[in-house]
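Participant: Starting from these lines, generate the structure:
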Amino acid sequence: DPGPGSGVPTDAASASRTPSAPPSPAGGTRCHTFELSASVGRNNPGAGQENFPVVLTNRSSRTCTLHGYPGTAFVDASGRQLGPDPQRSATEPETVKLAPGQSAWAGLSFANPEVSGAGTATPAALLVTPPDEEDPLKVPWKSGEVPVSGNESSVRLIPFSPGTGA
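Facilitator: I've put the predicted structure just below:
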C-alpha cells in the first residue's frame with residue numbers, strides 16, 4: 001500500500017486532479033472546453049429551414065481533436081433551457097483535428113417557425129458543450145425566435161466538420 005505522499009493517487013478525486021495527459025504521437029487528444037471558444041455563424045436559410053454553423057475554435061497551443069456532436073441548448077436569460085434537446089442526424093461522425101487557431105463546425109437546423117407554426121421563444125444564448133465534456137460555452141443568441149413546442153419544433157444537429165461552415 002503506497003502511503004500518503006508517495007505520488008500515487010489513492011482515490012478517484014485525487015486522480016481527477018492530475019493534469020491531462022500530453023498529446024499522443026498519433027496527433028493529439030480530444031479538445032477540452034477550456035481550450036475552445038464557441039460562436040454561431042451566419043444563417044444559411046433554405047426551403048423553410050434555418051441553418052446555423054455552431055463553430056468551435058482551438059484557442060490552445062496544442063493540436064486537439066473533436067469527434068461527434070456538440071451538446072447544444074437554447075436558454076433564456078436565467079439559464080433555463082427552452083425547448084427539447086436537439087436530435088442528432090444519422091450522419092457518421094468523423095474525427096476533426098484542430099491545430100491551434102483552427103475551427104470545426106456542426107450544423108444546427110430547424111424549420112422556420114413562421115412557416116411551421118411551431119411555438120417559439122427568443123433565447124438569450126446557446127449553450128455549446130464540446131463532445132465528451134461537461135462544461136458548456138455560452139454564445140449570445142442574436143438570430144431571433146426558435147421553435148420550442150408543437151409540431152415541427154425539432155432542432156437537428158449534424159456532426160463536426162473542418163472549417164467554419166461559412
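Participant: Next SSE downstream of the lowest-mean-pLDDT helix or strand in the chain?
Facilitator: Lowest by mean pLDDT, DSSP states H and E among the helices and strands of the chain is helix 12-16, with a mean of 36. Scanning forward in sequence from helix 12-16 by DSSP states H and E, the next helix or strand is strand 29-30.
Participant: Could I get the full set of helices for this structure?
Facilitator: Taking DSSP state H, the helices of the chain run over residues 12-16, 113-116.
Participant: Can you tell me how far the closest residue to V155 other than its chain neighbours is from R30?
Facilitator: The shortest distance from V155 to any non-neighbouring residue, by Cβ to Cβ, 6 or more residues apart in numbering, is to P86 (4.1 Å). C-betas here are computed from N, CA, C, even on glycine. With distances taken as Cβ to Cβ, to the nearest Å, P86 is found 21 Å from R30.
Participant: Specify which residue of those two has the higher count of neighbours.
Facilitator: Neighbour totals were compared for P86 and R30, and P86 leads with 20 against 16 (other Cβ atoms under 10 Å).
Participant: Distance of the more buried one relative to S161?
Facilitator: For P86, the distance to S161 - Cβ to Cβ - is 17 Å.
Participant: gap between S89 and T33?
Facilitator: Distance from S89 to T33, by Cβ to Cβ: 23 Å.
Participant: I'd like the distance from P147 to R30, if you could.
Facilitator: 31 Å.
Participant: Just the strands from this structure, written as ranges.
Facilitator: Secondary structure of the chain (DSSP state E): strands at 29-30, 36-40, 49-58, 64-67, 71-75, 87-88, 95-98, 103-111, 119-121, 125-129, 137-140, 146-149, 155-157, 161-162.
Participant: Could you export those strands as a markdown table, including distance to Q81?
Facilitator: Listed next are those as a markdown table, based on distance: least, Cβ to Cβ, whole Å:
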| stretch | distance to Q81 |
| --- | --- |
| strand 29-30 | 25 |
| strand 36-40 | 17 |
| strand 49-58 | 16 |
| strand 64-67 | 23 |
| strand 71-75 | 5 |
| strand 87-88 | 15 |
| strand 95-98 | 27 |
| strand 103-111 | 15 |
| strand 119-121 | 10 |
| strand 125-129 | 8 |
| strand 137-140 | 13 |
| strand 146-149 | 9 |
| strand 155-157 | 12 |
| strand 161-162 | 26 |
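Participant: Please list all residues in contact with the spatially most central residue of the chain.
Facilitator: Against the mean C-alpha coordinate of the chain, by Cα atoms, centre = their mean, the closest residue is P70 at 3.0 Å. Contacts for P70 (Cβ atoms under 8 Å, 6 or more residues apart in numbering) come out as V54, L56, A106, V128, T129, P130, P131, L157, F160.
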